[in-house]
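*Asks:* Sharing a sequence plus its predicted fold:
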Amino acid sequence: MIKSSKPRRQRFFRFNAPMHLRQHFVHAHMDRQLRQKLGINRRAVQISEGDSVKVMAGAHRGKVGKVTAVNMRLGRIYVDSIKKKNARGKEYGVPLSCSNVYITDLNFTDKARAARLKVKGTGEPKAK
């Protein structure tokens, strides 16, 4: 993906990356027990709506909740339990970086996602 080791070129690449490459920027580590339970060998997977996450860094460290939205253009996620109020009192979601969270539970309503991850017992395609 990024070929240069120069910070300036890496920033330039990330800023101008097309959407099909930006989906790699919204990956997060999974909980070790979850990986063992589901039989997944990968350490990080793409975050999607409905996943449960725990915040590991920043002002909201320690909070848990479900992902309500993923903004691939900015590389940020929104969690239902983390809100702020504006001057008028309206609540809005706080954008979090994917690198500051880890996944505690995956959402498998999309069977194609389960098949891609090769999760045992959740809609894996049958061999012909």
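*Replies:* Yep, that arrived. Numbers count the residues shown, from 1 in each chain.

*Asks:* In the chain, where is pLDDT below threshold?
*Replies:* Along the chain, the model assigns pLDDT under 70 to residues 1, 120-128.

*Asks:* so where do the helices sit in it?
*Replies:* Using DSSP state H, the helices of the chain run over 7-16, 19-22, 32-38, 111-117.

*Asks:* a markdown table please, covering these and showing distance to Gly89 and mean neighbour count.
*Replies:* Heads up, the C-betas are built off the backbone N, CA and C, glycines and all. Below are the helices of the chain laid out as a markdown table (distance: least, C-beta to C-beta, whole Å; neighbours: other C-beta atoms under 10 Å):
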| stretch | distance to Gly89 | mean neighbour count |
| --- | --- | --- |
| helix 7-16 | 35 | 11 |
| helix 19-22 | 34 | 11 |
| helix 32-38 | 37 | 13 |
| helix 111-117 | 37 | 15 |
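
*Asks:* would you list those in CSV and tack on distance to Met56?
*Replies:* CSV is the format used below for the helices of the chain (distance: least, C-beta to C-beta, whole Å):
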stretch, distance to Met56
helix 7-16, 22
helix 19-22, 22
helix 32-38, 13
helix 111-117, 22
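
*Asks:* between the ones you listed, which gets nearest to Ser52?
*Replies:* Nearest to Ser52 among the helices of the chain is helix 32-38 (9.5 Å), distances taken as C-beta to C-beta.

*Asks:* Could you give the separation of the closest one from the chain centroid?
*Replies:* 17 Å (C-alpha atoms, centre = their mean, to the nearest Å).

*Asks:* my guess is Gln23 meets Arg73, correct?
*Replies:* No. Using C-beta atoms under 8 Å, Gln23 makes no contact with Arg73, being 10.8 Å away.

*Asks:* These two: which is more packed in?
*Replies:* Gln23 (14 against 9; other C-beta atoms under 10 Å).

*Asks:* From Val67, how far off is that one?
*Replies:* Separation of Gln23 from Val67 (C-beta to C-beta, to the nearest Å) stands at 14 Å.
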